[in-house]
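J.: Make a model of this:
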Amino acid sequence: MISILDSNDVPKQLTIYDIAKEVGVSAATVSRAISGRGYVSEANKTRIMELVKKYNFRPNTFAQNLQAGFTKTIGYIVPHIGNMYFADVYYEFEKWASRHGYMTILLNSKGDYDLESKLLNSLQEKHVDGIVIMGGRMDEIHLPENYVKEIQEVGKKVPMVSCGAEAERFGCSGIYTDDEKGVEELLQFLKSRGYHRILFTGGGDQYYPSYLKKKAAYRVGEKLGLDISVRWLTGNDVFSYSAGYDSFKILLEEKKPLPEVVCCMNDYVALGVVNCALEAGLKIPDDLAVTGFDNVSITTMTPVHITSISPRYEYYGKKVFNTIEKLIQAQGTVKAKTTLIKPEIIIRNSTI
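T.: Okay, the predicted model is just below:
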């Protein structure tokens with residue numbers, strides 16, 4: 001009998017079935033020989049590996065994984081791919097995923113919940129092993145119930161991790177920075193430097209990240225004897241550079257005594273406050289101190305380096321990956337739980 005591999009023209013897509021036919025064994029035997037898992041006689045293993053080497057055979061790992069119930073891919077949805085916070089968490093996550101043989105699919109929802117729904121459906125159609133979702137609907141306090149139920153239904157089919165404070169209402173595991181602890185550490189530091197009148201800005205009560213920071217600010221401020229106030233701008237773009245710039249400009253126009261410190265909900269807002277204050281002739285930190293949250297790289301891209309609360313990106317990304325991988329491997333046998341990441345303060349020259 002003439003072998004299909006005796007021809008000078010090797011099939012373009014050689015499969016384990018071709019090798020199995022040549023050796024006279026089952027495809028499962030070839031798979032065990034190549035992977036090293038399971039028993040294969042020495043004679044068959046030798047012959048199989050000779051053909052693998054001869055034809056430079058590379059097994060279709062995607063097909064093998066799919067047959068085993070895995071695709072070794074993880075979907076990752078963010079609301080704003082240009083925001084360094086989301087990018088930095090994803091960067092550290094992807095490093096760990098890659099080390100463990102996973103490919104990631106990064107998707108940008110643009111803060112659009114309907115688009116987010118389409119992305120979730122697309123990931124299910126691609127048979128991803130798990131999904132990580134940051135921001136977007138996960139941070140919305142007054143979220144329509146249909147958006148909540150959708151996540152719950154997806155989570156029944158695909159292991160899911162939310163990087164948000166209220167993952168439990170979506171029925172999935174959650175990992176997020178303990179912002180309340182971050183506020184406490186920040187206010188203790190500010191008091192130790194002699195500050196008393198402190199304003200929080202850049203956010204809104206409709207979003208968990210800023211709402212929880214506001215609650216913590218009032219609670220801890222009262223405990224420490226500090227004069228705490230909170231001012232939000234209305235609209236959807238409350239976490240941006242322009243939100244910080246505009247909110248401080250309004251404050252200046254009111255001709256009232258300025259706070260000693262402006263604590264911003266993220267570093268983009270803080271940079272807006274800093275630039276508005278500098279344009280008004282104020283000196284930082286002599287006339288005004290400014291702090292941010294998230295510790296993204298823009299905190300050191302201007303002459304004023306911003307004191308910020310860091311989520312410890314390397315640890316955060318690793319923790320997210322370890323959690324989703326555990327859920328993937330458990331195949332629904334592990335209960336969802338929430339994990340808090342302890343933040344740390346990074347002190348720079350925007351404060352005394």
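
J.: going forward, measure contacts between C-alpha atoms and count neighbours the same way
T.: Noted.

J.: May I have the strand or helix carrying residue 175 exported as PDB, CA atoms only?
T.: Using DSSP states H and E, residue 175 maps to strand 173-177. The C-alpha trace of strand 173-177 is given here as PDB (Å, rounded to 0.1, in the frame of the first residue of the first chain):
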ATOM      1  CA  SER A 173     -16.700  37.100  41.100                       C
ATOM      2  CA  GLY A 174     -15.300  40.600  41.700                       C
ATOM      3  CA  ILE A 175     -11.900  42.100  42.100                       C
ATOM      4  CA  TYR A 176     -11.400  45.800  42.700                       C
ATOM      5  CA  THR A 177      -9.300  48.300  44.600                       C
END
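
J.: Tell me the helix or strand right after the least confident helix or strand in the chain by mean pLDDT.
T.: Sorting the helices and strands of the chain by mean pLDDT, DSSP states H and E puts helix 61-67 at the bottom, at a mean of 52. Following helix 61-67 in sequence order, the next helix or strand is strand 73-78 (DSSP H and E).

J.: what residue ranges in the stretch 51-200 of the chain score low on pLDDT?
T.: By pLDDT under 70, the low-scoring segments of the stretch 51-200 of the chain are 59-70.

J.: who are the neighbours in contact with residue 127?
T.: Residues counted as contacts of residue 127 (Cα atoms under 8 Å, 6 or more residues apart in numbering) are residue 71.

J.: Let's verify residue 340: helix, strand, or coil?
T.: Judged by DSSP: H, G, I helix; E, B strand; the rest coil, the three-state class of residue 340 is strand.

J.: I figured it hits residue 179, correct?
T.: No: Residue 340 is beyond contact range of residue 179, at 9.1 Å (criterion: Cα atoms under 8 Å).

J.: Pull out the buried residues from stretch 280-290.
T.: For stretch 280-290, burial by neighbour count (16 or more other Cα atoms under 10 Å) applies to 284, 285, 288, 289, 290.

J.: end to end, how far does that stretch reach?
T.: End-to-end span of stretch 280-290 (Cα to Cα, to the nearest Å): 15 Å.

J.: which outside residues touch that stretch?
T.: Residues from elsewhere that reach stretch 280-290, judged by Cα under 8 Å, 6+ apart: 259-264, 270, 273-274, 277-278, 304, 306-307, 349-352.

J.: again, only this time at 6 Å
T.: Stretch 280-290 has contacts (Cα atoms under 6 Å, 6 or more residues apart in numbering) with 260, 261, 262, 263, 350, 351.

J.: any chance of these in JSON lines, with neighbour count and secondary structure too?
T.: Listed next are these as JSON lines, based on neighbours: other Cα atoms under 10 Å; DSSP: H, G, I helix; E, B strand; the rest coil:
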{"residue": "260", "neighbour count": "20", "secondary structure": "coil"}
{"residue": "261", "neighbour count": "23", "secondary structure": "strand"}
{"residue": "262", "neighbour count": "25", "secondary structure": "strand"}
{"residue": "263", "neighbour count": "28", "secondary structure": "strand"}
{"residue": "350", "neighbour count": "24", "secondary structure": "coil"}
{"residue": "351", "neighbour count": "21", "secondary structure": "coil"}
